[in-house]
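Asker: the following comprises the amino acid sequence and a computationally predicted model.
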Amino acid sequence: MDHIRNFSIIAHIDHGKSTLADRLIQFTGISDERTFKDQMLDNMDIERERGITIKSQAITLPYQAKDGKTYSLNLIDTPGHVDFSYEVSRALASCEGVLLLIDAAQGVQAQTVANLYLAMEHNLEIIPVINKIDLPSADVERVIEQIDDELGLDSEGHLKCSAKAGIGIQDILEAIVKRVPPPRGNPEAPLAALIFDAHYDPFRGTIIHCRIMEGTVKSGDTIRFMSNSATYRVEEVGHFLLQREKRNCLSAGEVGYIIAGVKTVSDVRTGDTITLDDRPCSQPLPGFREVKPVVFASIYPIASDDYDDLKAALEKYQLNDASFIYQKDSSAALGQGFRCGFLGLLHLEVVQERLEREYDQSIILSVPSVRYRFTLKDGSIVYVDNPAHYPGSSSIELSEEPYIRATLMLPERYLGAVMKLCMEKRGVNSTLNYPSPGRVELLYEMPLAEVIYDFYDRFKSVTQGYGSFDYELIDYRESQLVLLDILVNGERVDALSQIVHRDRARARGLQACERLKEEIPRQMFKIAIQGAIGGEIISRTTITPFRKDVIAKCYGGDISRKRKLLEKQKKGKKRMKMIGQVSIPQSAFLSVLKSDAD
Amino acid sequence: MQVHHNFFISMQKPKSQSSKPVGKRRAEDNPGLYLHIPFCEIKCRYCDFFSVTELSRITDFLDAICREMNLRGKVFKFFDTLYIGGGTPSVLRPDQLNRLLEHLHQHFKISKEAEITLEANPADISVSVMKELYSLGINRLNIGVQSFDNRILEFLGRRHNGRQAIRAIEASLQAGFGNFGIDLIYGIPGQKRNTWIKTLEQALTFQIPHLSCYQLTVEPETPLGQSYKKGLILTPDNDELFELFMDTSEFLEKAGYCHYEVSNFARGDSRISRHNSKYWHHIPYLGLGPSAHSFDGEKRWMNVRSLEDYIQRLNQGKLPMEFCENLTREELQFEALFLGFRTSAGIDLDDFEEKFGWNLWSVKERDYELLLDAGHLKIVNGRLQPTRTGMALADSLALL
């Protein structure tokens, strides 16, 4: 156990976490050039393209230290986006130390701070590492100051590296060995293993990623998930090297995997405790909670014939993403589909992209919504995450919406613009901190609905990319809510309905009309687009018809050529959704959400 | 069987039966024959029909096309239209045309009343030559006038001028061609609406039996297309083209022409291009010569788009086919729609059902009702017909 070190890398997005992980893997020599793909741990295309880690991963690095001994360094990667902060906390609970990676050019950002707090909550050894020191814009001195002043850490122990150029890698590995404490725990005690992730393998079923806190588990044992008392027989345990490597057992302090005939990933709950059925530990490890989706939207196939395909794709997709939930839904305008829950807007976008890219689905997404709480006149309380289920306004006694606490970090010069944005987004109870000269930390309480609408894009744009943002859910607060409907040629498109704050309704309605006007191609007849609250029309635009599309000449030879041209158009049209007699492209549904480029 | 079925339908819907010109229809159902003469003295900037300027290859070409006639003699039994197009068929001397026609008559049965059209460049037309052609049996001319305006003719890269165009029309009339048509082009960069109307007015002074008014289509593989790609020319936008289309149609209908196809106007039903109508009504046709297309009701094939390949293959006794496609039922019905909506005659709903086994109207009723209201469609005697504005939308109507 003395030769084990469990650690994570935490960082703000784009500060080079994945690159550093790759470098560590390369340095310890477990991957040869042939199998080495940049950013080993981010193995989904989307992760690599967007440069963010969506799922956490683990890997064991064998490292021969300068003291001559060989250590097993377990690197537990953490997702790098605000939507996945619970997953981060579970990964950190499996570690004894973290590398806090800071971009030498950008310095401390909102997620640097948020992640640091998480690490402190778990009493982890924190090793500040300044990355990208080879950049021309690197300002190491400033970052050192920030480590002292903003993070309240002792900058004495900081390390400098360039993960990209491979500078300072060995120092980091040595620091992990020397400074991160070895895990503690008793291999003879009753088993207590913390689940920090799971993934699906088509041949073996669910692979549980866990950290053994106490006790030992081996194949043949019967394990029990403490959250729901489900029991499984262990088929195999082992370590993560580049591939899974089978071991006889996993003991206290180790990080590894368990295969136990668990059918789907959603049967496994991140943060749950695994124990032995015949010799359980007295209580579960602390910190477990059910992950609850906060953003909801419906997914429909573009062609209603593809419903079964979509259903199969969602089933498959869910095997690998336990935080994604869905259930049947149907829309008057779009037919049969699914109501889905997501951890946040980024999670939603990732799911959408993966369904299209990996599962070849053409889908339409309804306008995302948060979960509202309505107290009805009869005293009952209903939660509504789908505008289709909005109770009639006359039956509502009290409307409430979820609020978050947003933590915003930005250079002082953008303060005015950001405060204006936050107020526009109904932010309240602001707190302003000056962690270091020239930088401000701004705390706001604001409705989650405003954040999922277009806050993040606009925040990025008003701070010219220098601002960073993190949030946590706090509570439900009373709000003036109305149901905004969108009508296309008089027909209500329920997938475009939104529950919005009364003061926002007209602006949102106008914006939706304008967006749709841009996205819906002109057709043979006039199309009226209207926004309505109840029976009252609050916004309106029209799309003028096009009047000519026919080509002048069409003779013998041209007929085949022309047919092929038109067949192409026909295919394009099939990818659009018919609302009444109007063809609406997929992009129109998404556009309603997008922010103005201001 | 066919007759019986027709009878059955007509008993149920006597209204549509009365509108069906059954006898006439039969005659129109005979296939048409097309000859592609792939030679031009110069290539026009906008044209993407296949042609070459090596007039020295004419003799070899004539040998080859006669061989193709030998090989194709059995495909269709009987034709009642012949269209000699190109290229510029009027670059052939009368004796060369005579050779072609004689060979044709040897291998194909062509009706005595057949419409036999020759495409001609105004620069090639003189009274004496036209008289000679008339005596060979050519009874219809289609003259590539395009415009009477020299600046426009220059822009298009034509080898004739406005004065020659007028002379050509006069010569054709003088030579005894009571039936002829001219091609005109509009929507040309820089062309004003009133210049175009003036062109039409000029055409009207001759009481020309048939007018084809084509909106300029910028084809990418042409010199014009290249200029367009480089941004050197600016074409009128869709709304301007629509206005021109409407003006043309209104102007010519007022003058007594019937607008029977998107780009075609006839001075009375008897003056329509019987040959070209076969394309729009899905009637079989045989095309001979390089790049010519043929359709037998199920298959469509195309000859090679190269004069040398064409000659070579026929020298080897092979058919010069480049591709052949079997049209599926869906493809045929889709063609029937987009071709049908191009014509004022529109689509006969009973015929459609008989041919394809489903009722077009009842399936697309909601769309069609909307378009009836919008004034793009009308129903006349069981036929679904595009109105003037509907014709401008023929493609979209077919895509519903």
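Answerer: Yep, it's here.
Asker: CA only for contacts and neighbour counts going forward, please
Answerer: OK.
Asker: for the residue of the stretch 151-300 of chain B found nearest chain A, give me phi and psi.
Answerer: Residue nearest to chain A within the stretch 151-300 of chain B (C-alpha to the nearest C-alpha): B:H293, separated by 4.9 Å. Per-residue torsions, B:H293: phi -110, psi 150 (degrees, to the nearest 10).
Asker: okay, and the beta partners of the nearest residue to it once chain neighbours are set aside?
Answerer: The shortest distance from B:H293 to any non-neighbouring residue, by C-alpha to C-alpha, 6 or more residues apart in numbering or on different chains, is to B:M302 (4.4 Å). Per DSSP bridges, the residues bridged to B:M302 are B:H293, B:F323.
Asker: hang on, the earlier thing: correct me if wrong: the residue of the stretch 151-300 of chain B closest to chain A contacts B:R300.
Answerer: Yes - counting by C-alpha atoms under 8 Å, B:H293 touches B:R300, with 7.0 Å between them.
Asker: more crowded one of these two?
Answerer: Taking other C-alpha atoms under 10 Å in any protein chain shown, B:H293 and B:R300 do not tie; B:H293 has more neighbours (28 against 21).
Asker: what residue in the stretch 251-400 of chain A comes nearest to chain B?
Answerer: Counting by C-alpha to the nearest C-alpha, the stretch 251-400 of chain A gets nearest chain B through A:A303, at 15.5 Å.
Asker: which residues does that residue contact?
Answerer: Residues counted as contacts of A:A303 (C-alpha atoms under 8 Å, 6 or more residues apart in numbering or on different chains) are A:K574, A:R575, A:K577.
Asker: just the helices in the stretch 1-150 of chain A please.
Answerer: A:17-27, A:45-50, A:85-93, A:110-121, A:140-149 (DSSP state H, counting those that start in this stretch).
Asker: check the stretch 451-598 of chain A too.
Answerer: Under the criterion DSSP H, counting those that start in this stretch, helices of the stretch 451-598 of chain A are mapped to A:456-462, A:502-519, A:556-574, A:586-591.
Asker: and the ones you listed, which one's lowest on average pLDDT?
Answerer: Between those, the lowest average pLDDT goes to helix A:586-591, which shows a mean of 79.
Asker: what packs against it?
Answerer: Secondary-structure packing of helix A:586-591 (3 or more C-alpha pairs under 8 Å, 6 or more residues apart in numbering or on different chains; DSSP states H and E): strand A:363-365, helix A:502-519.
Asker: which of those sits closest to chain B?
Answerer: Of all the helices and strands packed on helix A:586-591, helix A:502-519 comes closest under C-alpha to the nearest C-alpha, at 17.8 Å.
Asker: list the buried ones in the closest one?
Answerer: Residues A:502, A:504-506, A:508-517, A:519 are the ones in helix A:502-519 that count as buried (16 or more other C-alpha atoms under 10 Å in any protein chain shown).
Asker: for the closest residue to B:A266 other than its chain neighbours, give the beta-bridge partners.
Answerer: In space, B:A266 comes closest to B:H210 once its chain neighbours are excluded; the distance is 4.6 Å by C-alpha to C-alpha, 6+ apart. Beta bridges link B:H210 to B:G181, B:A266, judged by DSSP bridges.
Asker: next structured bit after the helix or strand harbouring B:L244?
Answerer: Using DSSP states H and E, B:L244 falls within helix B:238-254. Per DSSP H and E, the first helix or strand lying C-terminal to helix B:238-254 is strand B:258-261.
Asker: do that following strand and chain A meet at all?
Answerer: No - using C-alpha under 8 Å from any C-alpha of the partner chain, strand B:258-261 stays clear of chain A, coming no nearer than 9.7 Å.
Asker: how distant is that strand from the center of its chain?
Answerer: 13 Å (C-alpha atoms, centre = their mean, to the nearest Å).
Asker: so what touches it?
Answerer: With C-alpha under 8 Å, 6+ apart, strand B:258-261 has contacts from B:249, B:252-253, B:265-269, B:272, B:342-345, B:391.
Asker: and these, which is closest to A:L484?
Answerer: Nearest to A:L484 among the contacts of strand B:258-261: B:M391, at 39.4 Å, using C-alpha to C-alpha.
Asker: show me where the stretch 301-400 of chain B has strands.
Answerer: B:321-326, B:347-348, B:377-380, B:383-386 (DSSP state E, counting those that start in this stretch).
Asker: can you put those strands in CSV and add mean neighbour count, distance to A:R142 and mean pLDDT?
Answerer: Listed next are the strands of the stretch 301-400 of chain B as CSV, based on neighbours: other C-alpha atoms under 10 Å in any protein chain shown; distance: least, C-alpha to C-alpha, whole Å; pLDDT from 0 to 100:
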stretch, mean neighbour count, distance to A:R142, mean pLDDT
strand B:321-326, 14, 71, 94
strand B:347-348, 22, 78, 96
strand B:377-380, 18, 73, 96
strand B:383-386, 23, 74, 97
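Asker: want to throw these into CSV with distance to A:H239?
Answerer: Listed next are the strands of the stretch 301-400 of chain B as CSV, based on distance: least, C-alpha to C-alpha, whole Å:
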stretch, distance to A:H239
strand B:321-326, 59
strand B:347-348, 72
strand B:377-380, 72
strand B:383-386, 72
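Asker: select, out of those strands, the one closest to B:Q333.
Answerer: strand B:347-348 (11.0 Å).
Asker: that closest one pairs with which strands?
Answerer: Counting by DSSP bridges, strand B:347-348 is paired with strand B:383-386 (antiparallel).
Asker: distance from the partner strand to the middle of the chain?
Answerer: Centroid displacement of strand B:383-386 relative to its chain, using C-alpha atoms, centre = their mean, is 21 Å.
Asker: read off the pLDDT value for A:Y63.
Answerer: pLDDT, A:Y63: 92.
Asker: gap between it and B:M302?
Answerer: 70 Å (C-alpha to C-alpha, to the nearest Å).
Asker: tell me which element A:T407 is part of?
Answerer: Counting by DSSP H and E, A:T407 is found in strand A:396-411.
Asker: following that strand, which helix or strand shows up next?
Answerer: helix A:415-424.
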